[in-house]
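Q: Have a look at this fold, sequence not included:
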């Protein structure tokens, strides 16, 4: 029997990570173009007409945009193929992410492009970067330098780590939070994967019985009001459960990625100091 040829894969570099980031962002640009065309021509995501009485563009003019839409869609698919090839350079993708149901090529691209596991010495840093830290952090302001460039200067003002505060730079990566909590979480639920079953559903059910209070805005323009979780809107509890599910995924990702890269792994504060244990899946 002939021996299977082993592919010689070199350690990925920062340049490899930039390639992934470039492909993810460009694919997002083409997707945005296609969606804008669909909205303006009354088309659904699958290319079929929307059921609306009026359109902003006459029906006879819609066809002139069809070629542009198809070109954007074809570019999306081509970029996804190239992105998958680029991701194969990363051990965390080959050895771990591909085995997590619900993590597709695009989600894996966001993860590898945006997170720097060498900088993330604790899982809390991943949570903070994703906008999943409700604690207080030092706010930063954007200050223009003499040369016309800008710097981000820390202040003595504490702001919420998961909220946008007027006058301060966002303390997290807004696009990444959308990709993780707004897209990947839905992928987990659709796939009914282990994170969905172990964390999303149980947490949402727990909140439905919870007497502890949370601030909620009843209507646009109204001030937040403290109410028991069990009386909060279903959508509010749903978002909270998604955030918790993604936090648990990031916890496992942190352990797996740091281990694969031969880096030290620190237990989260709750485990290290409070004795609360969560078994990570490597």
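A: Ah, there it is. Please read all numbers here as calculations on a predicted model, not as lab measurements. Numbering: from 1, shown residues only.
Q: gap between the one helix or strand residue 240 maps to and the chain center?
A: Per DSSP states H and E: residue 240 is located in helix 234-260. Its chain's C-alpha centre and that of helix 234-260 lie 10 Å apart, by C-alpha atoms, centre = their mean, to the nearest Å.
Q: Over to stretch 151-158?
A: For stretch 151-158, the distance to the chain centre is 25 Å (C-alpha atoms, centre = their mean).
Q: for that stretch, what is the average pLDDT?
A: Average pLDDT, stretch 151-158: 94.
Q: Equivalent analysis for stretch 196-207, please.
A: The pLDDT scores in stretch 196-207 average 98.
Q: Same question for that stretch: list its buried residues.
A: Across stretch 196-207, burial judged by 16 or more other C-beta atoms under 10 Å covers 196, 199, 200, 203, 204, 207. C-beta coordinates here come from the backbone N, C-alpha and C atoms, glycine included.
Q: Could you tell me the per-residue confidence at the most centrally placed residue in the chain?
A: Centroid-nearest residue in the chain, with C-alpha atoms, centre = their mean: residue 180, separated by 2.0 Å. Here the pLDDT value assigned to residue 180 is 98.
Q: contacting residues around it?
A: 110, 130, 246, 250 (C-beta atoms under 8 Å, 6 or more residues apart in numbering).
Q: Adding neighbour count, distance to residue 13 and pLDDT as columns, could you present these in TSV?
A: Below are these laid out as TSV (neighbours: other C-beta atoms under 10 Å; distance: C-beta to C-beta, whole Å; pLDDT from 0 to 100):
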residue	neighbour count	distance to residue 13	pLDDT
110	23	19	97
130	22	24	98
246	24	28	98
250	22	24	98
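Q: mind giving me TSV with those and columns for distance to residue 122?
A: Below are the contacts of residue 180 laid out as TSV (distance: C-beta to C-beta, whole Å):
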residue	distance to residue 122
110	21
130	13
246	17
250	11
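Q: related to what we said a few turns ago, take the buried residues of stretch 196-207 and keep only those in helices.
A: Using DSSP state H, 203, 204, 207 are the members of the buried residues of stretch 196-207 that sit in helices.
Q: mind listing the helices for the chain?
A: 14-41, 59-62, 66-87, 91-95, 105-114, 123-130, 174-177, 185-191, 194-195, 201-208, 234-260, 269-274.
Q: which regions of this structure sit below the pLDDT cut-off?
A: 1-9, 42-62, 269-282 (pLDDT under 70).
Q: if you count residues, which strand in it comes out on top?
A: Counting by DSSP state E, the longest strand found in the chain is strand 150-160.
Q: partners of that one in the sheet?
A: Here strand 150-160 is paired, per DSSP bridges, with strand 136-144 (antiparallel).
Q: contacting residues for the residue lying closest to residue 209 once chain neighbours are set aside?
A: Take residue 209 and drop its neighbours on the chain: the residue closest to it by C-beta to C-beta, 6 or more residues apart in numbering is residue 230, 5.8 Å away. Residue 230 sits next to 207, 208, 209, 210, 211 when contact means C-beta under 8 Å, 6+ apart.
Q: With residue 227 instead?
A: 213, 214, 215, 216 are the contacts of residue 227 under C-beta under 8 Å, 6+ apart.
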